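> whatever this is, show me its structure:
(one chain, ligands or ions: 3)
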Amino acid sequence: MQFKSLKSRIAVVFLTLILLIQIVGSIAIKLSIEKNARASVNEQLQIGERIFRSLLEQNGENLSQGARILATDYGFRQAIASNDYETVLSALSNHQSRIGADIAIFYAPGRDSLTISGSLPEDVARGKVSALIKSAQNNGDTRDFVVFKNQPYQLVAVPVKAPLTIGWIVMGFKINNELAQKLNKLSNLEVTFISKSNDSHWSSMASTLNMASSEELVAISAEKISKKSSSDHPDNSEIDIGKTDYGTRYVAIFDTPDQALFAVLQRSIDEATAPYKTLQLNLLILTIIGALVFIAGIFYISKRITMPITELAETAKQLEAGNYDIMVHSDRKDELGKLGNAFNSMSEAIASREKSILKLAYWDEMTQLPNRASFMLQLGQAMAVAKEKNESLSVLVMDLDRFKQINNILGQSSGDELLHAVAERISSSTRRKSDVVARFGGDEFAVLLPTANIAIGLSVASALIKTLETPIQVNDQFVDITAGLGIATYPDHAENEEQLLSRAEMAMYKSKASNSGAIVFEPAFDISSQDNLSLSSELKSAISNKELALYIQPKIDLITRKVCSTEALIRWKHPKKGLVFPDEFIPFAEHTGLIRSISLLMLSEAAALSATWRDHGIYIPIAVNISARDLIDHDLPNKLNNILNTHHVDTSAISLEITESSIMDDPLRAQQTLDNLSQMGVKLAIDDFGTGYSSLSYLKRLPVSELKIDKSFVLKMEEDDSDSKIVRSTIDLGHNLGLKVVAEGIENEKVWDLLKEMGCDYGQGYFMSKPMPAQDFLVWMSRWDDSGTQQVKSIAKRIPKKRLS
Ligand code: C2E
Ligand code: CA
Ligand code: CA
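Ligands and ions are numbered 1, 2, ... in the order given. Below you'll find the model as predicted:
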């Protein structure tokens with residue numbers, strides 16, 4: 001059995017202890033009672049023996065006296081002298097009955113016959129009687145014990161003198177029940193006589209025990225006596241007769257080899273201990289009552305100890321469950337009372353700490369909106385409700401475009417202000433109070449729309465986009481905000497809150513990449529994100545397997561029509577998918593950092609290409625596209641230098657194109673790298689100009705020599721008036737800053753002419769050539785030259801053959 005509670009354990013320990021003490025006590029008492037009882041039985045037996053011996057002595061004295069009186073009787077002597085044996089017999093018998101003897105015998109030596117009064121045949125008596133008389137002849141009066149036919153007698157022999165001895169009187173008592181009863185009355189002991197003569201076994205002719213017990217005693221005694229050595233006493237140990245234990249004492253009356261007589265004195269041990277038995281019983285009752293009282297006491301005390309502990313445990317459980325209102329009530333002044341008070345103050349402290357942690361954990365301090373954790377919690381609850389009521393639920397996730405750059409240009413505090421304003425606008429475009437707006441950190445926001453299906457989600461999203469269309473004023477500046485916005489709906493798109501949110505995020509990334517407003521999640525998005533995993537390993541092997549190829553697109557002088565420069569553009573010759581365009585893997589490579597290896601590869605390829613062109617006498621610079629990750633690498637100038645040296649090409653053979661946004665990711669480090677490159681003599685161009693946020697003051701500080709107007713303005717400039725205005729002012733801006741201006745995306749002659757008219761320096765586009773495999777370039781160029789000018793020589797003159805050491 002297991003005792004789980006402290007209460008029962010205390011009770012069990014103390015109960016076991018008390019019971020143990022009581023049991024040991026009772027055993028000790030019982031043992032000492034028995035020891036005392038045995039000692040007292042032993043003493044009684046000793047006294048009994050003494051009484052018995054004096055009883056025999058007294059009987060012997062009575063016999064002697066009786067016989068002596070008869071021996072001095074004149075008439076008796078007369079009868080002997082006159083051989084009147086009838087008178088002798090009658091006198092014997094008179095005297096016998098007077099003193100109560102069991103036998104009386106006269107023996108006259110001359111006559112050699114016995115005169116016997118009593119029922120004893122002469123032939124039985126003769127032997128023993130003559131032996132007794134012979135001893136009396138030597139010693140005078142003689143007393144002795146004799147067994148006649150299994151019946152023991154106590155005999156005395158007295159001479160009859162006139163004055164010479166004329167005969168002998170022998171008188172005797174039977175050792176029988178009468179004697180046993182007498183001794184029993186005097187000593188309160190059981191008395192059994194056992195005897196043996198050479199012609200018979202041990203037997204008992206008298207006993208105060210019942211028949212069966214006396215027979216059992218005879219049997220046991222016979223064995224005991226046979227075991228002892230001849231001179232010894234039989235062993236006085238206890239004897240068990242008929243389930244009663246007797247203290248036993250053997251008293252040898254005589255013990256010769258041919259005859260023996262013992263008196264066995266016995267006292268029942270049980271009887272002797274009987275008076276103590278009641279005492280023991282009383283003691284037992286007292287013990288039980290004591291134990292019961294003790295049990296009650298123990299239970300009361302252990303309850304008093306454990307009740308407050310149980311209460312504390314209960315309170316702790318409540319604390320665990322988050323219930324801090326519960327208090328331990330105790331007016332005790334002892335340790336348990338103190339513990340209770342300590343518990344109360346602990347739960348108060350935990351409650352207040354949890355409150356502040358909760359606030360930190362679920363609240364965005366800056367925008368005063370719930371954070372991601374809080375949003376997930378509320379989303380989980382809302383989904384449970386939606387599941388129960390069979391309703392829809394939508395989640396919008398929004399991520400601001402280029403917030404990092406804005407933050408870098410305007411400063412952290414303005415960035416915060418902007419986020420604040422965005423948060424307010426999002427909140428204003430929700431439908432009702434139950435909609436939850438949260439900030440996920442950085443520039444990511446989310447809106448939970450309970451009971452909203454896809455259509456409602458889309459309408460809220462478009463309301464949101466509309467509120468963001470008005471530029472936000474931060475410190476006297478107006479900032480245009482665009483954002484990627486993804487929508488996912490329960491139960492259409494996901495089963496649990498994590499999945500729903502991640503799918504809304506996937507839709508959001510898609511929206512950011514495609515720049516096309518709010519996008520609702522489609523299962524295809526998820527597969528593509530799984531594709532990303534394998535894309536990473538595929539791209540790595542693409543680098544080592546040389547699947548990446550360099551394509552060349554020329555840049556043409558719009559006035560002279562000469563090829564003045566080229567751009568290196570990457571292509572992936574995928575073993576299964578065929579030719580893969582950079583838009584499909586460059587953003588991914590930038591994201592994973594693989595772009596660094598790709599950039600080095602392209603620089604090497606470009607340098608090698610430049611070396612072959614040089615061997616053909618052609619000196620046209622190749623522009624390589626560089627990403628943000630490359631710019632934060634301080635070692636980039638060094639690496640480029642090594643590459644140029646390896647291929648023995650001049651610094652002027654390679655130029656770099658850098659997008660505005662890649663500089664704005666980390667302007668300080670980018671500026672350092674660009675300065676170093678520029679000092680090396682590497683020409684730098686700003687790519688995709690017009691799509692980023694670079695401020696003019698910033699642009700002025702950069703060591704660039706060329707501006708590339710983004711193709712999105714150029715492609716439709718002949719139709720779109722505003723695009724054409726942007727292009728024109730960009731050309732003027734570039735020139736004012738002392739930069740050459742390149743337009744990319746020229747797809748027809750009309751645009752060429754427009755740009756030429758606007759004063760644009762160079763052009764790049766499908767109209768002149770699509771990007772082509774590097775090895776095709778020389779053929780293309782000779783064809784272009786045929787239709788244009790003698791180009792090779794003039795370029796050769798323009799580019800000095802300076803080489804880096
Ligand atoms: P980009 O640097 O702005 O390159 C010009 C892109 O405009 C090229 O696309 C080119 O094929 C395309 N283009 C040129 N003329 C026309 C035209 O008349 N009409 C149209 N519709 N497009 C024209 P491409 O080669 O697909 O490259 C796309 C972008 O991938 C590049 O834009 C560049 O940002 C990136 N990229 C390409 N190669 C590399 C590379 O080696 N390294 C890095 N970091 N980025 C690269
Ligand atoms: Ca470019
Ligand atoms: Ca470009």
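> centre of the chain to stretch 140-151, how far?
95 Å (C-alpha atoms, centre = their mean, to the nearest Å).
> spell out which residues of this protein are next to ligand 2.
Proximity of the chain to ligand 2 is confined to Asn625, Glu657, Asp687 under the rule C-beta under 5 Å from the ion. Where C-beta positions appear, they are placed from N, C-alpha and C, glycine not excepted.
> the helix or strand hosting the last one pairs with which strands, parallel or anti?
So that's Asp687. Using DSSP states H and E, Asp687 sits within strand 683-689. Note on strand 683-689: by DSSP bridges, its sheet partners are strand 654-659 (parallel), strand 706-709 (parallel).
> can you lay out those as CSV showing mean neighbour count and mean pLDDT?
Below are those laid out as CSV (neighbours: other C-beta atoms under 10 Å; pLDDT from 0 to 100):
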stretch, mean neighbour count, mean pLDDT
strand 654-659, 23, 95
strand 706-709, 26, 95
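> make CSV out of these and add distance to ligand 3.
Conversion of the strands paired with strand 683-689 to CSV gives the following (distance: least, C-beta to the ion, whole Å):
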stretch, distance to ligand 3
strand 654-659, 7
strand 706-709, 5
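> on that earlier part again, and the strand holding Asp687, anywhere near ligand 1?
Yes. Strand 683-689 lies within reach of ligand 1 by C-beta under 6 Å from any ligand atom, at Asp687, Asp688.
> roughly how far apart are the residue located most distally from the centre of the chain and Ile51?
Each residue of the chain has a distance to the centre, and by C-alpha atoms, centre = their mean the biggest one is for Ser82: 123.5 Å. Ser82 sits 45 Å away from Ile51, going by C-beta to C-beta, to the nearest Å.
> related to what we said a few turns ago, dump the strands paired with strand 683-689 into a markdown table; add distance to Leu485 as well.
As requested, these are arranged in a markdown table below (distance: least, C-beta to C-beta, whole Å):
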| stretch | distance to Leu485 |
| --- | --- |
| strand 654-659 | 24 |
| strand 706-709 | 29 |
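> ok, which of the ones you listed comes nearest ligand 1?
Comparing these against ligand 1 with C-beta to the nearest ligand atom, the closest turns out to be strand 654-659 (5.8 Å).
> and the nearest residue to Thr142 once chain neighbours are set aside, what does it touch?
Closest residue to Thr142 in three dimensions, ignoring its sequence neighbours and counting by C-beta to C-beta, 6 or more residues apart in numbering: Ala136, at 4.0 Å. By C-beta atoms under 8 Å, 6 or more residues apart in numbering, the contact list for Ala136 reads Thr142, Ala157, Val158, Pro159, Trp168.
> list the contacts of Ala101.
Leu63, Gly66, His95, Met171, Gly172, Phe173.
> now these in a markdown table, with distance to Ser414?
A markdown table is the format used below for the contacts of Ala101 (distance: C-beta to C-beta, whole Å):
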| residue | distance to Ser414 |
| --- | --- |
| Leu63 | 149 |
| Gly66 | 153 |
| His95 | 158 |
| Met171 | 153 |
| Gly172 | 149 |
| Phe173 | 145 |
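> which of those residues sit farthest apart?
His95 and Phe173 (13.7 Å; C-beta to C-beta).
> wait, Pro621 touches Ser565, no?
Yes. The criterion here is C-beta atoms under 8 Å, and Pro621 meets it with Ser565 at 4.9 Å.
> and for these two, which residues touch both?
Common neighbours of Pro621 and Ser565 (C-beta under 8 Å, 6+ apart) are Ser655.
> which strand or helix spans the closest residue to Leu600 other than its chain neighbours?
In space, and not counting its chain neighbours, Leu600 is closest to Lys639: 6.5 Å by C-beta to C-beta, 6+ apart. Per DSSP H and E, Lys639 falls inside helix 636-646.
> what residues of that helix count as buried?
If you call a residue buried by 16 or more other C-beta atoms under 10 Å, then helix 636-646 has these buried ones: Leu636, Pro637, Lys639, Leu640, Asn641, Ile643, Leu644.
> separation between the spatially closest residue to Lys683 that is not a sequence neighbour and Asp633?
Counting by C-beta to C-beta, 6+ apart, Lys683 lies nearest to Ser655, which is 4.0 Å off, once chain neighbours are set aside. Separation of Ser655 from Asp633 (C-beta to C-beta) stands at 18 Å.
> over to Lys576?
On the measure of C-beta to C-beta, Lys576 and Asp633 end up 33 Å apart.
> quick check: pLDDT value at the residue nearest to Leu600.
Confidence at Lys639, expressed as pLDDT, is 97.
> tell me the contacts of the residue of the stretch 201-350 of the chain found nearest ligand 1?
Nearest residue of the stretch 201-350 of the chain to ligand 1 (C-beta to the nearest ligand atom) works out as Gly322 at 53.2 Å. By C-beta under 8 Å, 6+ apart, Gly322 lies in contact with Glu354.
> any idea how far ligand 2 is from it?
58 Å (C-beta to the ion, to the nearest Å).
> could you confirm that residue falls within a strand?
No. Counting by DSSP: H, G, I helix; E, B strand; the rest coil, Gly322 is not part of a strand but coil.
> buried residues, stretch 361-368. List them.
Buried residues in stretch 361-368, counted by 16+ other C-beta under 10 Å: Tyr362, Trp363, Asp364, Thr367.
> helices or strands up against the lengthiest helix in the chain?
When the chain is parsed with DSSP state H, its longest helix is helix 6-71. Secondary-structure packing of helix 6-71 (3 or more C-beta pairs under 8 Å, 6 or more residues apart in numbering; DSSP states H and E): helix 85-99, strand 142-148, strand 151-161, strand 165-174, helix 177-187, strand 244-255, strand 259-268, helix 269-320.
> of those, which is nearest ligand 3?
Checking these against ligand 3 by C-beta to the ion gives helix 269-320 as the closest, at 61.4 Å.
> skip ahead from that closest one and say which helix or strand is next.
Following helix 269-320 in sequence, per DSSP H and E, is helix 335-362.
> distance between that next one and the chain's centre?
26 Å.
> now do whatever helix or strand comes next after that helix: which elements does it pack against?
Sequence order places strand 363-364 as the next helix or strand after helix 335-362, per DSSP H and E. Contacts defined by 3+ C-beta pairs under 8 Å, 6+ apart place strand 363-364 against strand 369-370.
> list the strands paired with the strand it packs on, with their directions.
strand 363-364 (antiparallel).
> for the strand it pairs with, what is the average pLDDT?
On average, strand 363-364 scores 82.
> just how off-centre is that strand within its chain?
36 Å.
> what's next to it, contact-wise?
Leu369, Pro370, Asn371, Ser374, Ala438, Arg439, Gly441.
> please repeat the previous calculation with a cut-off of 7 Å.
Pro370, Asn371, Ser374, Arg439 (C-beta atoms under 7 Å, 6 or more residues apart in numbering).
> number of nearby residues for the second one?
Read it as Asn371. Neighbours of Asn371 under the rule other C-beta atoms under 10 Å: 18.
> now do the same contact list for it.
So Asn371 contacts Tyr362, Trp363, Asp364, Ala438, Arg439 (C-beta under 7 Å, 6+ apart).
> what pairs with the helix or strand hosting the fourth one, parallel or antiparallel?
In other words, Ala438. Here Ala438 sits within strand 436-439, counting by DSSP H and E. Paired neighbours of strand 436-439 in the sheet (DSSP bridges): strand 444-450 (antiparallel).
> following the strand it pairs with, which helix or strand shows up next?
That would be, after strand 444-450 and using DSSP H and E, helix 454-469.
> now do that following helix: distance to the chain's middle.
52 Å.
> ok, now stretch 58-66?
Worked out by C-alpha atoms, centre = their mean, stretch 58-66 lies 98 Å from the chain centre.
> then stretch 266-285?
59 Å.
> do stretch 99-108 as well
Distance, centroid of stretch 99-108 to centroid of chain: 104 Å (C-alpha atoms, centre = their mean).
> that one: end-to-end distance?
Using C-alpha to C-alpha, to the nearest Å, the end-to-end distance of stretch 99-108 comes out at 22 Å.
> flag every buried residue along that stretch.
Result for stretch 99-108 [16+ other C-beta under 10 Å]: buried residues Ile99, Ala101, Asp102, Ile103, Ala104, Ile105, Phe106, Tyr107, Ala108.
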